[in-house]
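Student: quick one, what's the 3D model for this:
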Amino acid sequence: MTTAPATAATTLLTPAEAAARSGFSLDTLRYYERIGLLAGIGRATSGHRRFTSDDLAWLGILRCLRDTGMPIADLREYAELAREQGPASLAARLDLLERHDSAVTDRITALRAQQEHLRAKIAYYRGELARGTESGS
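Tutor: Residues are numbered from 1 along each chain as shown. Prediction:
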């Protein structure tokens, strides 16, 4: 989120450059701006959007949260708390992140159990192949 005007020393990135660096598509950047996850994106004199290092840092947070499965509604809540309430929302942001961390832990636990089932099936098939049979499912 851009919090200060760009200075001459600030590197400004085009949307394509910001997309490449953040790993988000241009469409996702536009969508995030439209729904309020990206606010205050600066503009060049031509009117084209320009992203700052602060914007990229914010996109890094969003990338982490999305990659760990945070729903858009929670992302929007987090962004609103950070942007509109600032330090007064630290406890609320902490609560949101702790709930998300718990959900991530639950998903990892479920994935590990599924992986064990998968590995057991792999071991079974390897054993069958070693015995020279093709039966089993």
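Student: what stretches of the chain score poorly on pLDDT?
Tutor: Low-confidence segments of the chain (pLDDT under 70): 1-9, 133-137.
Student: just the helices in it please.
Tutor: Applying DSSP state H to the chain gives helices spanning 15-22, 26-34, 53-67, 72-80, 90-131.
Student: right, so of these, which gets closest to Gly40?
Tutor: For the helices of the chain, the distance to Gly40 is smallest for helix 53-67, at 8.4 Å, taking CB to CB. From N, CA and C alone the C-beta is placed, and that goes for glycine too.
Student: got the contact list for Ile35?
Tutor: By CB atoms under 8 Å, 6 or more residues apart in numbering, the contact set of Ile35 is Ile72, Arg76.
Student: ok, now how distant is it from Gly60?
Tutor: Using CB to CB, to the nearest Å, Ile35 is found at 18 Å from Gly60.
Student: just Glu17 next, same as before
Tutor: Taking CB to CB, one finds Glu17 at 15 Å from Gly60.
Student: list the buried residues for stretch 77-96?
Tutor: Within stretch 77-96, the residues that count as buried by 16 or more other CB atoms under 10 Å are Glu77, Tyr78, Ala79, Leu81, Ala82, Arg83, Ser89, Leu96.
Student: can I get those in JSON lines with distance to Thr68?
Tutor: Below are the buried residues of stretch 77-96 laid out as JSON lines (distance: CB to CB, whole Å):
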{"residue": "Glu77", "distance to Thr68": "16"}
{"residue": "Tyr78", "distance to Thr68": "12"}
{"residue": "Ala79", "distance to Thr68": "16"}
{"residue": "Leu81", "distance to Thr68": "18"}
{"residue": "Ala82", "distance to Thr68": "17"}
{"residue": "Arg83", "distance to Thr68": "21"}
{"residue": "Ser89", "distance to Thr68": "21"}
{"residue": "Leu96", "distance to Thr68": "13"}
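Student: for Ala113, state which of those is nearest.
Tutor: Distances from Ala113 to those, taken by CB to CB, are shortest for Leu96, at 26.6 Å.
Student: many thanks, have a good one.
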